[in-house]
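Trainee: the following comprises the amino acid sequence and a computationally predicted model.
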2 protein chains.
Amino acid sequence: MNVTLSLAERLRAFIDIVGETNALTSLDDIKPYLTENRGLYQGASPLVLKPGSTAEVSAIMKLASETGTAIVPVSGRTGLVGGQVPREDSQDVLLSLERMNKIREVDPVADVIIADGGAILADVQKAAEAHGRLFPLSLGSEGSCRIGGNLATNAGGTAVLAYGNMRQLCLGLEVVLPTGEIWDGLRRLKKDNSGYDLRDLFIGAEGTLGIITGAVLKMVPRPRGKQVAYVGLASPEAALQLFEKASQRCGSALTGFELMPRIGIEFTTRHIPGVRDPLASIHPWYALVDISTSDSVETAEAMMQELLADAFEARLVSDAAIASSIAQQDAFWHLRESMSDAQKPEGGSIKHDVSVPVSRIPAFLAEADAAVHALMPDARICAFGHLGDGNIHYNISQPVGADKAAFIARWREVNAVVHAVVHKHTGSISAEHGVGQLKRDELAASRPAIETELMRRIKQAFDPAGIMNPGKVIG
Amino acid sequence: MNVTLSLAERLRAFIDIVGETNALTSLDDIKPYLTENRGLYQGASPLVLKPGSTAEVSAIMKLASETGTAIVPVSGRTGLVGGQVPREDSQDVLLSLERMNKIREVDPVADVIIADGGAILADVQKAAEAHGRLFPLSLGSEGSCRIGGNLATNAGGTAVLAYGNMRQLCLGLEVVLPTGEIWDGLRRLKKDNSGYDLRDLFIGAEGTLGIITGAVLKMVPRPRGKQVAYVGLASPEAALQLFEKASQRCGSALTGFELMPRIGIEFTTRHIPGVRDPLASIHPWYALVDISTSDSVETAEAMMQELLADAFEARLVSDAAIASSIAQQDAFWHLRESMSDAQKPEGGSIKHDVSVPVSRIPAFLAEADAAVHALMPDARICAFGHLGDGNIHYNISQPVGADKAAFIARWREVNAVVHAVVHKHTGSISAEHGVGQLKRDELAASRPAIETELMRRIKQAFDPAGIMNPGKVIG
């Protein structure tokens, strides 16, 4: 391949790989690929390619490396850090996995699913369910997000406490490298100590080291019993103590422990149709406690009753509702999962996706609140999330009646004070959403220098031409 | 530092870092560090250094990189692949973590232990126990192996089914790089998606990318109930079906599922004092089933009873013993854990540490047995291990009366036919023991070439001077 092709010739050669019908070239068609949900980034691209096979992805990358063309891998486009958006004013070519959406195989004895990188998460969940198993990754965007993106961002969600992040749910990968070479690492092995851990390097690399075109995913047995409670609490301290009790009492049966503030319940009941407050009394904080047991419904029920009785006696909990049906269990979860959407009608929201050691959550919340209120006395802090994972979505809704644009313009300023508290508590400013463009420079500035240096060397070793999702993760 | 030092001057400079009393220079003192348990390797070294702090390890590596001195990190010296043994006829300097053996901190709210790289595994287990928690890594060598080595080899053991390998039990690391720089990655975070996964790259790298001097380890709640059964089975197929039943029935409560052959029971009862066959009847195969529950002893008991009743009814199991006391539970495990030692009095043993997808275990065993018996009709195959993980220690004792040396001389020849069957079933020839020297070249030859190439680039990026445990993992 001649590297002196004109831009038009180059794009033509890319289109020829996938065929005319699988390439988007008009601005109208390309437009949806140039932004992300929050509207924080606006990229540019002359071309979207939709390859239909790993071989086509390989051919695209081979051509890209020969012609020095930057490629941005696109999965379900639900990412929140700009990782899937091409660079501004760029000629970056987008490579969408949307046509590679098959479940390749389900092996119920080895308890694995082999899926294309473009398979939709909900389809993987359904495939597991059809075999009486559970694929535990669960996210708000599960109806449209895709496995390749879930892996590239090491997705978390609401079941991490019991089942881990995406990294813990993957046994093997198929990856197309920046050169177009294919790494067939589609292993179904629970144990394999045969060299450096390439799999976990590609997972979480946000498409900057290669494109994940296939994966071996772990299924787990479906729990037989499940119970969910919604608990009113006086403080994050009380929530932490309840979490400790639940963790010791339930062990691996504790499958969810979510923290929510009163304001989040107000936003949700106000804006999300059908959502109601499960408790008659009002509390400053709430926890959603989810217990799943392998033996029976009765065990889950008994465990929850015992836990709450114990917590009432210790005066940790002042009011609680235990779901009386599966529909009510779902309703409790729906309330929690709607909390982010419920903020939208309240105006602008400045967001943080942070984690601290679980024991530091109360101190983190108190100090971050003080820092934010010092900056903006009327800011409405809606901090909720996965207390059991130490992961809080520390979101701040604009003051009532404030100007949205002026509020959002203070995004970085607010980030700075919140992240300072995170660092003080040895936390992470990117707990589960990843780095993308949004946190690239801030992370490079706050990490130990040697850590960024090692990451740069890895990037250089895998993608010496710098064509693989450039500008993301590492500058 | 001048790089033109003589060897003697160079060794002197290393000794000055740790002090005379913490350096071994006489051959008698150094000797125990030059071999490993099986006697497969015999290395050479002029010096063993025992640094007392991360700063001293850093100073050693700085000097090593300036003078081009190869350093071999030494942990508990229980590895089985020659990873801890210096090269033959070499001037490799050994760096032992034995003095860095402290538990730095236990944080029961965040459920973590921070330990030195040289902390002994049993001490970490005890520290967790003292706080009412469990550190689940469990190995035959736990009384002497050290956390740094457990991490460097991504150790497995008998509780992987429920709790994962060492990689799943570690949240953060402190690593001294080949240059002497210290990476402080001692994070206590359950979630952290802030760049490439350096932690999992150092874990399993067998000391070839850096030296693990500290780690943040996860504790889990202690199970309240436990039951162990010892089950007679007709075949590996029956064992696999029982495993599937147990897995579906018990979910995460299934904490162990070990397979053992009749000959292993014979060796163990013959050679290990106090071990007896728990069943009166004789069976070709046996399974040890371990159930741990978070709620109560009764649940574990009921779950085991129900599982076995179901298995009897399905005619999968013909005889079984359920432990009647904790002492008997321990005795059942002791039988299983003594199986490797019990082979020693039977003469030479050619070993394999392989994994296949769990569903392939019966086919693997049948085909490997046929291949080995075609080569050596009287070989006594003692294949046992972690069926639930797909990980079999496929060990072959010499024919009765054969010459041990002549038998052992056929190690590679036997490996070749067994590993061919492993590859056919898309397995790994290094499931949990690692690569070291033993499997370096065979893995390089059997992996996809691009995989070895990527590993070489990582090695080059982290250790351009090639001084970090050279000759191990990657040639």
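Mentor: In hand now; what should we look at?
Trainee: confirm that A:Leu173 sits in a strand.
Mentor: Yes - under the criterion used here (DSSP: H, G, I helix; E, B strand; the rest coil), A:Leu173 sits inside a strand.
Trainee: which pLDDT value goes with the nearest residue to it once chain neighbours are set aside?
Mentor: What sits nearest to A:Leu173 in space, not counting adjacent residues and going by Cβ to Cβ, 6 or more residues apart in numbering or on different chains, is A:Gly185, at 4.9 Å. The way it works is simple: take the backbone N, C-alpha and C, and place the C-beta from them, glycine included. The predicted local confidence for A:Gly185 comes out at a pLDDT of 97.
Trainee: what of A:Val3?
Mentor: The predicted local confidence for A:Val3 comes out at a pLDDT of 57.
Trainee: next, count neighbours for the closest residue to chain B within the stretch 101-250 of chain A.
Mentor: Closest approach of the stretch 101-250 of chain A to chain B (Cβ to the nearest Cβ) occurs at A:Val109, with a separation of 3.4 Å. Residues lying near A:Val109 (other Cβ atoms under 10 Å in any protein chain shown) number 15.
Trainee: check contacts around it.
Mentor: B:Leu240, B:Glu244, B:Val358, B:Ser359 (Cβ atoms under 8 Å, 6 or more residues apart in numbering or on different chains).
Trainee: give me the element it is part of.
Mentor: With elements delineated by DSSP states H and E, A:Val109 resides in a region that no helix or strand encompasses.
Trainee: who wins for neighbours among the contacts of A:Val109?
Mentor: B:Val358 (25 neighbours).
Trainee: what residues are up against that residue?
Mentor: Here B:Val358 is in contact with A:Val109, A:Ala110, A:Asp111, A:Lys190, B:Leu240, B:Phe243, B:Leu387, B:Gly388, B:Asp389, B:Gly390 (Cβ under 8 Å, 6+ apart).
Trainee: surely the fifth one is in contact with B:Ile361?
Mentor: Yes - B:Leu240 lies in contact with B:Ile361 (Cβ atoms under 8 Å); the separation is 5.9 Å.
Trainee: need the CA coordinates for the biggest helix by length in chain A. CSV is fine.
Mentor: Of all the segments assigned as helix in chain A under DSSP state H, the longest by residue count is helix A:297-313. Taking C-alpha atoms only, helix A:297-313 is exported to CSV below (Å, rounded to 0.1, in the frame of the first residue of the first chain):
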residue,chain,number,x,y,z
VAL,A,297,-36.0,-17.4,48.8
GLU,A,298,-36.5,-18.2,52.5
THR,A,299,-32.8,-17.8,53.3
ALA,A,300,-32.6,-14.4,51.6
GLU,A,301,-35.8,-13.3,53.4
ALA,A,302,-34.6,-14.6,56.8
MET,A,303,-31.1,-13.0,56.3
MET,A,304,-32.7,-9.6,55.5
GLN,A,305,-35.1,-9.8,58.5
GLU,A,306,-32.3,-10.7,60.9
LEU,A,307,-30.0,-8.0,59.6
LEU,A,308,-32.6,-5.3,59.9
ALA,A,309,-33.8,-6.5,63.3
ASP,A,310,-30.2,-6.3,64.5
ALA,A,311,-29.8,-2.8,62.9
PHE,A,312,-33.0,-1.5,64.5
GLU,A,313,-31.8,-2.8,67.9
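Trainee: relative orientation of it and helix B:297-313 in degrees?
Mentor: Our comparison of helix A:297-313 with helix B:297-313, counting by axes from the mean of the first three to the mean of the last three Cα atoms, to 10 degrees, yields an angle of 170 degrees.
Trainee: now the element after helix A:297-313, going C-ward?
Mentor: Elements were assigned by DSSP H and E; along the chain past helix A:297-313, the next helix or strand is strand A:317-322.
Trainee: next up, phi/psi of the residue nearest to A:Leu173, please.
Mentor: With angles defined as degrees, to the nearest 10, A:Gly185 shows backbone torsions of phi -110, psi 30.
Trainee: again, but for A:Asp29
Mentor: Its backbone dihedrals place A:Asp29 at phi -70, psi -40, with angles given as degrees, to the nearest 10.
Trainee: so what touches the host helix or strand of A:Ala405?
Mentor: Secondary-structure element containing A:Ala405, defined by DSSP H and E: helix A:404-408. Contacts of helix A:404-408 with the rest of the structure, by Cβ under 8 Å, 6+ apart, involve A:Gly347, A:Gly348, A:Ile350, A:Gln398, A:Pro399.
Trainee: quick check, distance from it to the centre of its chain.
Mentor: In terms of Cα atoms, centre = their mean, to the nearest Å, the centre of helix A:404-408 is found 25 Å from the chain centre.
Trainee: show me what counts as buried in the helix or strand just after it.
Mentor: Read in the C-terminal direction, the helix or strand following helix A:404-408 is helix A:411-424, with elements assigned using DSSP H and E. For helix A:411-424, a neighbour-count test (16 or more other Cβ atoms under 10 Å in any protein chain shown) marks A:Trp411, A:Val414, A:Asn415, A:Val417, A:Val418, A:His419, A:Val421, A:Val422 as buried.
Trainee: just stretch A:327-336 next, same as before
Mentor: Residues of stretch A:327-336 classed as buried: A:Gln329, A:Ala331, A:Phe332, A:Trp333, A:Leu335, A:Arg336 (neighbour count, 16+ other Cβ under 10 Å).
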